[in-house]
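Colleague: got a structure for you, letters missing:
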(Lines give C-alpha, C1' and ligand atoms only; values in the text may rest on other atoms or scores of the structure.)
Protein backbone atom coordinates (compact mmCIF):
# COMPACT_ATOMS: atom_id res chain seq x y z
CA UNK A 1 0.00 0.00 0.00
CA UNK A 2 2.81 2.40 0.88
CA UNK A 3 4.58 1.72 -2.38
CA UNK A 4 1.42 2.52 -4.31
CA UNK A 5 0.83 5.78 -2.47
CA UNK A 6 4.43 6.99 -2.54
CA UNK A 7 5.05 6.16 -6.16
CA UNK A 8 1.66 7.24 -7.42
CA UNK A 9 1.43 4.07 -9.45
CA UNK A 10 -1.95 3.19 -10.91
CA UNK A 11 -3.07 0.40 -8.58
CA UNK A 12 -4.88 -1.35 -11.42
CA UNK A 13 -1.58 -1.98 -13.14
CA UNK A 14 0.39 -2.51 -9.96
CA UNK A 15 2.32 -5.80 -10.00
CA UNK A 16 1.37 -7.09 -6.54
CA UNK A 17 2.83 -10.55 -7.14
CA UNK A 18 6.23 -9.11 -7.97
CA UNK A 19 6.23 -6.96 -4.84
CA UNK A 20 5.27 -9.86 -2.55
CA UNK A 21 7.89 -12.12 -4.09
CA UNK A 22 10.51 -9.43 -3.64
CA UNK A 23 9.68 -8.89 0.03
CA UNK A 24 9.49 -12.64 0.70
CA UNK A 25 12.92 -13.09 -0.85
CA UNK A 26 14.25 -10.34 1.42
CA UNK A 27 12.90 -12.05 4.55
CA UNK A 28 14.27 -15.45 3.57
CA UNK A 29 17.70 -13.96 2.96
CA UNK A 30 17.59 -11.90 6.16
CA UNK A 31 16.37 -14.32 8.84
CA UNK A 32 17.75 -12.20 11.69
CA UNK A 33 15.54 -9.33 10.60
CA UNK A 34 12.53 -11.61 10.40
CA UNK A 35 13.18 -13.10 13.87
CA UNK A 36 13.74 -9.69 15.41
CA UNK A 37 10.56 -8.37 13.83
CA UNK A 38 8.42 -11.19 15.20
CA UNK A 39 10.00 -11.11 18.66
CA UNK A 40 9.19 -7.41 18.89
CA UNK A 41 5.61 -8.12 17.92
CA UNK A 42 5.35 -10.64 20.76
CA UNK A 43 6.90 -8.24 23.25
CA UNK A 44 4.25 -5.63 22.52
CA UNK A 45 1.46 -7.99 23.61
CA UNK A 46 2.32 -7.89 27.30
CA UNK A 47 -1.33 -7.81 28.34
CA UNK A 48 -2.11 -11.13 26.69
CA UNK A 49 -2.74 -13.80 29.34
CA UNK A 50 -2.12 -17.52 28.85
CA UNK A 51 -5.23 -19.54 28.16
CA UNK A 52 -6.86 -21.05 31.20
CA UNK A 53 -7.96 -24.69 31.37
CA UNK A 54 -11.54 -23.60 30.69
CA UNK A 55 -10.45 -21.91 27.46
CA UNK A 56 -8.89 -25.09 26.10
CA UNK A 57 -11.19 -27.50 24.31
CA UNK A 58 -10.30 -31.06 25.25
CA UNK A 59 -9.98 -33.36 22.26
CA UNK A 60 -10.37 -36.53 24.32
CA UNK A 61 -13.83 -37.59 25.46
CA UNK A 62 -14.02 -39.06 28.96
CA UNK A 63 -15.34 -42.61 28.65
CA UNK A 64 -14.45 -44.44 31.87
CA UNK A 65 -14.45 -48.22 31.74
CA UNK A 66 -13.92 -48.76 35.50
CA UNK A 67 -16.09 -47.49 38.34
CA UNK A 68 -14.48 -47.38 41.79
CA UNK A 69 -16.55 -46.90 44.92
CA UNK A 70 -16.80 -47.61 48.67
CA UNK A 71 -20.07 -48.98 50.02
CA UNK A 72 -18.63 -48.65 53.54
CA UNK A 73 -16.86 -45.33 53.07
CA UNK A 74 -16.21 -44.74 56.80
CA UNK A 75 -13.86 -47.72 57.18
CA UNK A 76 -10.39 -46.74 58.41
CA UNK A 77 -6.88 -48.10 58.54
CA UNK A 78 -4.36 -47.08 61.21
CA UNK A 79 -3.48 -43.88 59.35
CA UNK A 80 -5.53 -44.00 56.16
CA UNK A 81 -9.12 -44.20 54.91
CA UNK A 82 -10.69 -46.71 52.56
CA UNK A 83 -11.83 -43.74 50.46
CA UNK A 84 -8.16 -42.71 50.14
CA UNK A 85 -7.36 -46.20 48.86
CA UNK A 86 -10.04 -45.80 46.18
CA UNK A 87 -8.55 -42.48 45.04
CA UNK A 88 -5.02 -43.90 45.02
CA UNK A 89 -6.05 -46.83 42.83
CA UNK A 90 -7.89 -44.43 40.53
CA UNK A 91 -4.68 -42.40 40.09
CA UNK A 92 -2.65 -45.53 39.36
CA UNK A 93 -5.09 -46.67 36.69
CA UNK A 94 -5.17 -43.22 35.12
CA UNK A 95 -1.37 -43.15 34.90
CA UNK A 96 -1.58 -46.44 33.00
CA UNK A 97 -4.02 -44.95 30.50
CA UNK A 98 -7.19 -46.51 31.94
CA UNK A 99 -10.09 -44.08 32.12
CA UNK A 100 -11.93 -44.63 35.38
CA UNK A 101 -14.47 -42.93 37.60
CA UNK A 102 -13.92 -42.77 41.37
CA UNK A 103 -17.18 -42.04 43.18
CA UNK A 104 -16.99 -38.83 45.20
CA UNK A 105 -20.41 -38.86 46.82
CA UNK A 106 -20.71 -40.25 50.35
CA UNK A 107 -22.82 -43.28 51.25
CA UNK A 108 -22.72 -42.10 54.87
CA UNK A 109 -24.42 -38.84 53.84
CA UNK A 110 -26.97 -40.79 51.78
CA UNK A 111 -27.89 -42.90 54.83
CA UNK A 112 -28.19 -39.85 57.04
CA UNK A 113 -30.34 -37.97 54.54
CA UNK A 114 -32.70 -40.91 54.15
CA UNK A 115 -32.69 -41.97 57.80
CA UNK A 116 -31.30 -45.40 56.88
CA UNK A 117 -29.31 -47.69 59.13
CA UNK A 118 -25.75 -48.79 58.31
CA UNK A 119 -27.10 -52.15 57.15
CA UNK A 120 -28.72 -50.32 54.21
CA UNK A 121 -25.36 -49.10 52.88
CA UNK A 122 -25.70 -51.10 49.67
CA UNK A 123 -28.85 -49.18 48.83
CA UNK A 124 -26.79 -45.98 48.92
CA UNK A 125 -23.88 -47.27 46.88
CA UNK A 126 -26.29 -48.84 44.37
CA UNK A 127 -27.98 -45.48 43.92
CA UNK A 128 -24.65 -43.84 43.04
CA UNK A 129 -23.57 -46.80 40.90
CA UNK A 130 -26.70 -46.68 38.73
CA UNK A 131 -26.34 -42.92 38.37
CA UNK A 132 -22.73 -43.32 37.23
CA UNK A 133 -23.71 -46.03 34.73
CA UNK A 134 -26.50 -43.84 33.39
CA UNK A 135 -24.07 -40.96 32.84
CA UNK A 136 -21.27 -43.19 31.51
CA UNK A 137 -22.56 -46.29 29.66
CA UNK A 138 -18.93 -47.07 28.83
CA UNK A 139 -18.37 -48.42 32.37
CA UNK A 140 -17.68 -52.14 32.17
CA UNK A 141 -15.91 -53.02 35.43
CA UNK A 142 -17.13 -52.22 38.95
CA UNK A 143 -14.86 -52.39 41.98
CA UNK A 144 -16.20 -51.90 45.52
CA UNK A 145 -13.24 -51.39 47.87
CA UNK A 146 -13.62 -52.38 51.52
CA UNK A 147 -11.46 -52.92 54.58
CA UNK A 148 -11.79 -56.17 56.53
CA UNK A 149 -12.02 -56.34 60.33
CA UNK A 150 -9.39 -59.04 60.95
CA UNK A 151 -6.29 -58.52 63.07
CA UNK A 152 -2.82 -57.52 61.87
CA UNK A 153 -1.51 -61.09 61.80
CA UNK A 154 -4.20 -62.12 59.30
CA UNK A 155 -4.29 -58.89 57.30
CA UNK A 156 -0.57 -58.48 56.60
CA UNK A 157 1.76 -60.13 54.11
CA UNK A 158 5.55 -59.73 53.90
CA UNK A 159 7.69 -60.30 50.83
CA UNK A 160 11.41 -59.45 50.56
CA UNK A 161 11.19 -57.19 53.61
CA UNK A 162 8.21 -55.26 52.21
CA UNK A 163 4.82 -55.47 53.91
CA UNK A 164 1.43 -55.50 52.21
CA UNK A 165 -2.22 -55.43 53.28
CA UNK A 166 -3.67 -58.81 52.33
CA UNK A 167 -6.76 -58.97 50.13
CA UNK A 168 -9.94 -61.03 50.14
CA UNK A 169 -12.63 -61.26 47.46
CA UNK A 170 -16.34 -61.54 48.30
CA UNK A 171 -18.85 -62.99 45.85
CA UNK A 172 -22.58 -62.91 46.53
CA UNK A 173 -24.51 -65.94 45.36
CA UNK A 174 -27.98 -64.41 45.58
CA UNK A 175 -27.99 -62.63 42.23
CA UNK A 176 -28.43 -63.57 38.59
CA UNK A 177 -24.79 -62.99 37.65
CA UNK A 178 -23.23 -64.94 40.49
CA UNK A 179 -21.79 -67.73 38.30
CA UNK A 180 -20.11 -65.33 35.88
CA UNK A 181 -18.98 -63.05 38.69
CA UNK A 182 -17.51 -65.99 40.55
CA UNK A 183 -15.70 -67.14 37.42
CA UNK A 184 -14.33 -63.64 36.74
CA UNK A 185 -13.30 -63.18 40.37
CA UNK A 186 -11.42 -66.48 40.17
CA UNK A 187 -9.61 -65.14 37.09
CA UNK A 188 -8.63 -61.85 38.75
CA UNK A 189 -7.57 -63.66 41.92
CA UNK A 190 -5.42 -66.05 39.86
CA UNK A 191 -3.73 -63.14 38.10
CA UNK A 192 -2.90 -61.49 41.43
CA UNK A 193 -1.56 -64.82 42.73
CA UNK A 194 0.85 -64.90 39.80
CA UNK A 195 2.00 -61.32 40.36
CA UNK A 196 2.30 -61.65 44.15
CA UNK A 197 1.82 -65.19 45.51
CA UNK A 198 0.50 -65.15 49.05
CA UNK A 199 -1.08 -61.69 48.94
CA UNK A 200 -4.64 -62.95 48.46
CA UNK A 201 -6.59 -64.72 51.18
CA UNK A 202 -8.81 -66.15 48.49
CA UNK A 203 -12.53 -65.86 47.75
CA UNK A 204 -15.48 -66.10 50.13
CA UNK A 205 -18.94 -66.90 48.76
CA UNK A 206 -21.90 -65.52 50.69
CA UNK A 207 -25.61 -66.23 50.48
CA UNK A 208 -28.69 -66.87 52.56
CA UNK A 209 -30.25 -65.24 55.59
CA UNK A 210 -28.26 -62.64 57.50
CA UNK A 211 -25.98 -61.59 54.61
CA UNK A 212 -26.47 -59.32 51.63
CA UNK A 213 -25.82 -62.00 49.01
CA UNK A 214 -26.03 -59.50 46.15
CA UNK A 215 -23.45 -56.75 46.82
CA UNK A 216 -24.53 -54.89 43.66
CA UNK A 217 -23.10 -57.76 41.63
CA UNK A 218 -26.39 -58.14 39.77
CA UNK A 219 -25.43 -54.98 37.85
CA UNK A 220 -22.69 -56.70 35.85
CA UNK A 221 -20.73 -59.93 35.56
CA UNK A 222 -17.60 -57.84 36.13
CA UNK A 223 -18.58 -56.54 39.57
CA UNK A 224 -15.91 -57.14 42.23
CA UNK A 225 -15.93 -56.67 45.99
CA UNK A 226 -12.46 -56.64 47.46
CA UNK A 227 -11.45 -56.39 51.11
CA UNK A 228 -8.02 -54.75 51.48
CA UNK A 229 -6.23 -55.19 54.80
CA UNK A 230 -7.58 -54.58 58.27
CA UNK A 231 -7.84 -51.72 60.79
CA UNK A 232 -4.20 -52.07 61.86
CA UNK A 233 -2.66 -51.86 58.39
CA UNK A 234 -0.77 -48.72 57.44
CA UNK A 235 -1.04 -46.40 54.48
CA UNK A 236 2.19 -47.73 52.97
CA UNK A 237 1.01 -51.34 53.28
CA UNK A 238 -2.26 -50.47 51.57
CA UNK A 239 -0.46 -48.57 48.79
CA UNK A 240 1.90 -51.50 48.21
CA UNK A 241 -1.13 -53.74 47.76
CA UNK A 242 -2.92 -51.27 45.51
CA UNK A 243 0.08 -51.33 43.19
CA UNK A 244 -0.35 -55.10 42.81
CA UNK A 245 -4.13 -54.76 42.33
CA UNK A 246 -3.52 -52.10 39.68
CA UNK A 247 -1.24 -54.46 37.76
CA UNK A 248 -3.73 -57.28 38.19
CA UNK A 249 -6.60 -55.21 36.78
CA UNK A 250 -4.51 -54.20 33.78
CA UNK A 251 -3.72 -57.84 33.04
CA UNK A 252 -7.35 -58.84 33.58
CA UNK A 253 -8.58 -56.25 31.09
CA UNK A 254 -6.00 -57.44 28.54
CA UNK A 255 -7.13 -61.03 28.96
CA UNK A 256 -5.06 -62.29 31.87
CA UNK A 257 -1.65 -63.84 32.39
CA UNK A 258 -1.35 -67.12 30.56
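Modeller: On my side now, so go ahead. Computed from a prediction, not measured in an experiment: that's the story for all the values here. Residues are numbered from 1 along each chain as shown.
Colleague: The nearest residue to residue 117 once chain neighbours are set aside and residue 60: what is the separation?
Modeller: Excluding the flanking residues, the one nearest residue 117 by Cβ to Cβ, 6 or more residues apart in numbering is residue 111, at 7.3 Å. (C-beta placed from N, C-alpha, C; glycine too.) From residue 111 across to residue 60, the span is 36 Å (Cβ to Cβ, to the nearest Å).
Colleague: what's the top helix by length along the chain packed up against?
Modeller: In the chain, with assignment by DSSP state H, the single longest helix is helix 235-254. Applying 3 or more Cβ pairs under 8 Å, 6 or more residues apart in numbering; DSSP states H and E, we find helix 235-254 packed against helix 82-95, strand 141-146, strand 162-165, helix 178-195, strand 223-228.
Colleague: Tell me the strands beside the second one, with direction?
Modeller: Right, the one you point to is strand 141-146. Sheet pairing here is set by DSSP bridges, and for strand 141-146 it gives strand 66-69 (parallel), strand 223-228 (parallel).
Colleague: average pLDDT across it?
Modeller: Averaging pLDDT along strand 141-146 gives 98.
Colleague: Including mean neighbour count and distance to residue 245, could the helices and strands packed on helix 235-254 go into JSON lines?
Modeller: Output for the helices and strands packed on helix 235-254, formatted as JSON lines (neighbours: other Cβ atoms under 10 Å; distance: least, Cβ to Cβ, whole Å):
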{"stretch": "helix 82-95", "mean neighbour count": "19", "distance to residue 245": "6"}
{"stretch": "strand 141-146", "mean neighbour count": "23", "distance to residue 245": "9"}
{"stretch": "strand 162-165", "mean neighbour count": "20", "distance to residue 245": "10"}
{"stretch": "helix 178-195", "mean neighbour count": "18", "distance to residue 245": "7"}
{"stretch": "strand 223-228", "mean neighbour count": "24", "distance to residue 245": "7"}
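Colleague: In CSV: these, plus distance to residue 131.
Modeller: Output for the helices and strands packed on helix 235-254, formatted as CSV (distance: least, Cβ to Cβ, whole Å):
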stretch, distance to residue 131
helix 82-95, 17
strand 141-146, 13
strand 162-165, 30
helix 178-195, 21
strand 223-228, 16
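Colleague: so which of those comes closest to residue 241?
Modeller: strand 162-165 (4.6 Å; Cβ to Cβ).
Colleague: could you point out which element follows the closest one?
Modeller: For strand 162-165, the following helix or strand on the C-terminal side (DSSP states H and E) is strand 167-172.
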